[in-house]
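Peer 1: Here you go, sequence then predicted model.
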Amino acid sequence: MDLQSLLNDESARRAAFPSCRDRVFFAHAAVAPVTQVAVEAMDSFNRASATGELDYGEVFLRHMDRIRGAASRLLGGVPEEFALLGPTSLGLSLVANGLDWQSGDEIITYLDDYPANVYPWKQLERLGVRIVYLQPQEIGAITPELVREAITPRTKLLALASCHFLTGYRLDIPAVGAIAREHGLLFCLDAIQTAGAFPTPVAEVDFLSADSHKWMLGPSSAGVVYVAKARQELLRPSLYGAWNVISPNFIACDEIAFEPGARRYEPGVLNAAGLLGMEASINLLTGIGIDRIASRLLELKAHLCEGLDRLGLRIAGPREGSAASGITSSTDPVRPGRIGELYQLLHDSGVVASFRHDREGRPYLRFSPHFYNTHAEVERVLEVISEAGT
């Protein structure tokens, strides 16, 4: 799919992205609408399942391996390094519960990250693991220097997000990956806020988890868990079943031996319909190109920030550069309570945004358009806010 041709043909845009037909959807950092190709892929599977004509062996073996290939084209690595599991918290919990921990081991993470990337690590305190929380100057502003300063001889793992869900600060993944390698540390990445939107290279990490229901434009509970080949013996599967433990002819064996590659982390029958939908959307994204998508998101962000500035709202997080993302959150420095009113007004006007709060209870209006959104839609959002007055 050629991006410019799509943007120049409104009927084609609406056909490929049905959410455009009736509303302005600027909430891809929440739960995004799936693409039309994803709908068709899932419908095809479900129809075949309903009629009994589905070849489950074909779907759960060859088709799933094909989907691993799609994941590797999006994120790097090789297909055998991807388990097809969602949601994101499941993958993060598999990492947390699959490593051997010693009392006194330290994990560096961030308390004000999305809770899915906090609780899997915090629960390890019961084993004597010490959780070290980074303290950035601004919400979500995790820098390589901040990470380096937090490392001690007891540090074992870095557990960070590729992008902050509220302020949109994007992590310098290669720089943090280099620090991890320099110090002999493991690096686990919650990648749900960049996968499908910005380059998210798995070559820099040991573990990664991302569901497809945000920037990948897939359904919920269809996702990917990356485990580097060199770490697959280190990360013990913590879920057991007939699919990841070798069971010839579905007969339980006396000894537990796991399937090869990242399949060892998939204990049972997979969410085939959802994964086929995810694959269709991933193929669409990689067809356009992630670098092109990233450039488009920053272009829309610049337009949005300029307009919100003009309307008296304060932007949180970076507006441009390598730390900027597709997330733009704003507050009202004069009348904070107005943010909730604006959110409701936008909703009533057919604009889908997100209403979020920080730890202090400060409300934010969060916008997260995707590449197929238009500058005309940005203007529509700004028009609704402008008409609300102050």
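Peer 2: Sure thing, it's come through. Being a predicted model, the structure only gives us computed values, none of them experimental. Residues are numbered from 1 along each chain as shown.

Peer 1: Do a quick rundown of the strands in the stretch 101-250 of the chain.
Peer 2: Taking DSSP state E, counting those that start in this stretch as the criterion, the stretch 101-250 of the chain contains strands spanning 106-109, 130-133, 155-161, 186-190, 207-211, 223-227.

Peer 1: residue boundaries of the helices in the stretch 1-150 of the chain?
Peer 2: Assigned by DSSP state H, counting those that start in this stretch, the helices in the stretch 1-150 of the chain fall at 3-8, 10-16, 36-51, 56-57, 64-75, 88-98, 119-122, 144-150.

Peer 1: is residue 363 in a bridge, and if so with what?
Peer 2: For residue 363, the beta-bridge partners under DSSP bridges are residue 357.

Peer 1: how close does it sit to residue 318?
Peer 2: From residue 363 across to residue 318, the span is 20 Å (C-beta to C-beta, to the nearest Å). For glycine as for every other residue, the C-beta is placed from the backbone atoms N, C-alpha and C.

Peer 1: swap in residue 360?
Peer 2: Residue 360 is 20 Å from residue 318, by C-beta to C-beta.

Peer 1: Which of the two has more residues huddled nearby?
Peer 2: Between residue 360 and residue 318, counting by other C-beta atoms under 10 Å, residue 318 is the more crowded of the two (19 against 6).

Peer 1: is it true that that one touches residue 328?
Peer 2: No: using C-beta atoms under 8 Å, residue 318 is not in contact with residue 328, being 10.1 Å away.

Peer 1: if I look at the two, which residues touch both of them?
Peer 2: By C-beta atoms under 8 Å, 6 or more residues apart in numbering, residue 318 and residue 328 have these common neighbours: residue 168.

Peer 1: domains of this structure?
Peer 2: Taking automatic domain parsing as the criterion, the chain consists of the domains 3-34+290-388, 40-287.

Peer 1: got the end-to-end distance for the first one?
Peer 2: In this case it means domain 3-34+290-388. 33 Å (C-alpha to C-alpha, to the nearest Å).

Peer 1: Also stretch 186-197?
Peer 2: Terminal-residue distance, stretch 186-197 (C-alpha to C-alpha): 25 Å.

Peer 1: Just the CA coordinates for stretch 331-342, please, in PDB.
Peer 2: Taking Å, rounded to 0.1, in the frame of the first residue of the first chain, the C-alpha atoms of stretch 331-342 are listed here in PDB:
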ATOM      1  CA  THR A 331      -3.200  19.800  30.200                       C
ATOM      2  CA  ASP A 332      -4.900  23.100  31.000                       C
ATOM      3  CA  PRO A 333      -2.500  25.100  33.200                       C
ATOM      4  CA  VAL A 334      -5.200  27.600  34.200                       C
ATOM      5  CA  ARG A 335      -8.300  25.400  34.600                       C
ATOM      6  CA  PRO A 336      -7.300  21.700  34.900                       C
ATOM      7  CA  GLY A 337     -10.900  20.600  35.300                       C
ATOM      8  CA  ARG A 338     -11.600  21.800  31.800                       C
ATOM      9  CA  ILE A 339      -9.700  18.800  30.400                       C
ATOM     10  CA  GLY A 340     -12.600  16.400  31.400                       C
ATOM     11  CA  GLU A 341     -15.100  18.800  29.800                       C
ATOM     12  CA  LEU A 342     -13.100  18.900  26.500                       C
END
